[in-house]
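Let me see the structure of the following:
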Amino acid sequence: MRGRWWFAAPVLVLLLAGGYALTRVRKPRAPSPPSLPPPTPDPRSFENRFTLEAHDPEVRAVAFSPDGVRLATAGLDRTIVLWDVAKGVKIRTLEGHEGWVLSLAFRADGRLLASGDGIGQIRVWDCRTWESTAALGIHSDSIFTLTFASDGKRILAGDSDGSVCGWEVQTGAQSPTGSRHPAHVTAMALGPDGRLLATGDEKGGLLVRDLQAGSSRREATAHVGRVNSIAFTPDGTLLATGGADGVVRLWDAEKETDARVLGGHVGAVLSVAFSSDGRVLVSGGRDGTVRIWDRTGREVRRLEAHRGPVWSVAFRADGGLLATGGGDGRVRLWGMKP
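This is a model prediction of the structure:
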């Protein structure tokens, strides 16, 4: 028996090997992986390209034009400054506000720029002539936040009485949106399709309203203290809020689920913004830092951005350039290392 087994063993090994080889040959080829979105620049490789001496004493708002060619900045000197992004040079200064300029927003087609100030006035600027074409009423207090409606015909702004109203660009007529807070509205973001409007107030309240349905989608206490900034991801699925309690919260924009809490800043979070593909979130704080997070809420980089609070952050539409505005009067443009 031992002799027979010695003779049969090599044959069995060859048969098994052959079967294995046949199995490998006959195994169907794995399907190609699904195509992925264009790669996002590594958030850990941001570098400072330009430092702009923008306003005295503080920068309160920054906004890229939709084509990414220009950057608008605003500050406590009551002016708006336009910059050439590629060269890092000043193009012109816009004057007309009598109060600190606290908020900026370009219309989606890039033809109009809206600005809000500390005495409740909204101005509209023609981006071809850079002349002020309208001064839309006087609110009762500071306009901390504003945005254009999706149709571009109205400017949405929050007031100190807790209301959020729309102002017709052409006529100046005012109409309510249905959003109502118990305190001054301090932050606002419109979803990418113009359907959802998220607003926050100085007492930490968050409201998400469906403008098309005319109904409330979420009412929550987002922060202990003031909500300073709100941003949607470009696909509208996530919502980020930054507050006086020093944290960023990530919310599901459609479902009533608990928010993820992102801690790291020392002091209040003053500004938040998502990159154009939604993979990167940045937050600016009173501690002078800009924190860079991935979509899961993991902090991947910290930038020592300003000597003073980081009041405003904004991504260029292509996601390759980040602007930050600080309490040191400077604007910094952060790009990607080649």
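
ok, the residue nearest to residue 50 when sequence neighbours are not counted - contacts?
Excluding its sequence neighbours, the residue lying closest to residue 50 (C-beta to C-beta, 6 or more residues apart in numbering) is residue 88, at 3.4 Å. Where C-beta positions appear, they are placed from N, C-alpha and C, glycine not excepted. Residue 88 sits next to 49, 50, 52, 333 when contact means C-beta atoms under 8 Å, 6 or more residues apart in numbering.

can you pick the most crowded of those residues?
residue 52 (21 neighbours; other C-beta atoms under 10 Å).

Looks like that residue contacts residue 83 (just checking).
Yes: the pair residue 52 / residue 83 is scored as a contact, 6.3 Å apart, by C-beta atoms under 8 Å.

Return every residue with contacts to both of those two.
Jointly contacting residue 52 and residue 83 under the rule C-beta under 8 Å, 6+ apart are 73, 90, 331.

mind listing which of those residues are in helices?
Assignment to helices by DSSP state H places none of the shared contacts of residue 52 and residue 83 there.

Kindly indicate which of these lies nearest residue 102.
residue 73 (12.0 Å; C-beta to C-beta).

circling back to that earlier point, got the phi and psi for the residue nearest to residue 50?
Phi and psi for residue 88, reported as degrees, to the nearest 10, are phi 70, psi 40.

How much space separates it from residue 221?
Going from residue 88 to residue 221 by C-beta to C-beta, to the nearest Å gives 41 Å.

And for residue 335?
As defined by C-beta to C-beta, residue 335 lies at a distance of 38 Å from residue 221.

what's the answer for residue 312, then?
Residue 312 is 24 Å from residue 221, by C-beta to C-beta.

So which of these two has more stuff around it?
Set residue 312 next to residue 221 and count neighbours by other C-beta under 10 Å: residue 312 wins out with 26 against 10.

Regarding the more buried one, which helix or strand does it belong to?
For residue 312, the host element (DSSP states H and E) is strand 310-315.

what's the answer for residue 109, then?
Assigned by DSSP H and E, residue 109 falls within no helix or strand.

what residues are up against it?
66, 152.

Going along the chain, name the strands of the stretch 51-200 of the chain.
59-64, 70-75, 79-84, 89-95, 101-106, 112-117, 121-126, 132-138, 146-148, 154-158, 163-168, 174-180, 185-190, 196-201 (DSSP state E, counting those that start in this stretch).

likewise the stretch 201-338 of the chain?
So, for the stretch 201-338 of the chain - with DSSP E, counting those that start in this stretch - the strands run 205-210, 215-221, 227-232, 238-243, 247-252, 260-263, 269-274, 280-285, 289-294, 299-304, 310-315, 322-326, 330-336.

would TSV of those strands with distance to residue 168 and mean pLDDT be doable?
Shown next, in TSV, are the strands of the stretch 201-338 of the chain (distance: least, C-beta to C-beta, whole Å; pLDDT from 0 to 100):
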stretch	distance to residue 168	mean pLDDT
strand 205-210	20	96
strand 215-221	23	93
strand 227-232	24	98
strand 238-243	27	97
strand 247-252	31	97
strand 260-263	38	96
strand 269-274	28	98
strand 280-285	32	97
strand 289-294	36	96
strand 299-304	40	94
strand 310-315	26	98
strand 322-326	29	98
strand 330-336	32	93
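
out of those strands, which comes closest to residue 105?
Taking the strands of the stretch 201-338 of the chain one by one with C-beta to C-beta, strand 310-315 is closest: 10.4 Å.

Neighbouring strands of the closest one in the sheet, and parallel or not?
Strand 310-315 pairs in its sheet with strand 322-326 (antiparallel), by DSSP bridges.

Extract the C-alpha trace of the strand it pairs with and format it as PDB.
What follows is strand 322-326, C-alpha atoms only, in PDB (Å, rounded to 0.1, in the frame of the first residue of the first chain):
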ATOM      1  CA  LEU A 322      -9.500  79.000  -0.800                       C
ATOM      2  CA  ALA A 323      -9.900  82.600   0.500                       C
ATOM      3  CA  THR A 324      -9.900  83.500   4.100                       C
ATOM      4  CA  GLY A 325     -10.600  86.900   5.700                       C
ATOM      5  CA  GLY A 326      -9.400  87.800   9.100                       C
END
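
Show me how far it is from its chain's centre.
The chain centroid and the centroid of strand 322-326 are separated by 12 Å, computed with C-alpha atoms, centre = their mean, to the nearest Å.

just stretch 191-202 next, same as before
12 Å.

Quickly list what residue 310 is bridged to.
As for beta bridges, residue 310 partners with residue 326 under DSSP bridges.

That one: how many residues sit nearby?
Each residue near residue 310 was counted by other C-beta under 10 Å, and the total is 29.

tell me the contacts of it?
Contacts for residue 310 were tallied using C-beta under 8 Å, 6+ apart; they are 270, 271, 284, 285, 286, 288, 289, 290, 324, 325, 326, 327.

Please name the nearest non-neighbouring residue to the third one.
The spatial neighbour of residue 284 that comes closest, neighbours along the chain excluded (C-beta to C-beta, 6+ apart), is residue 310 at 2.9 Å.
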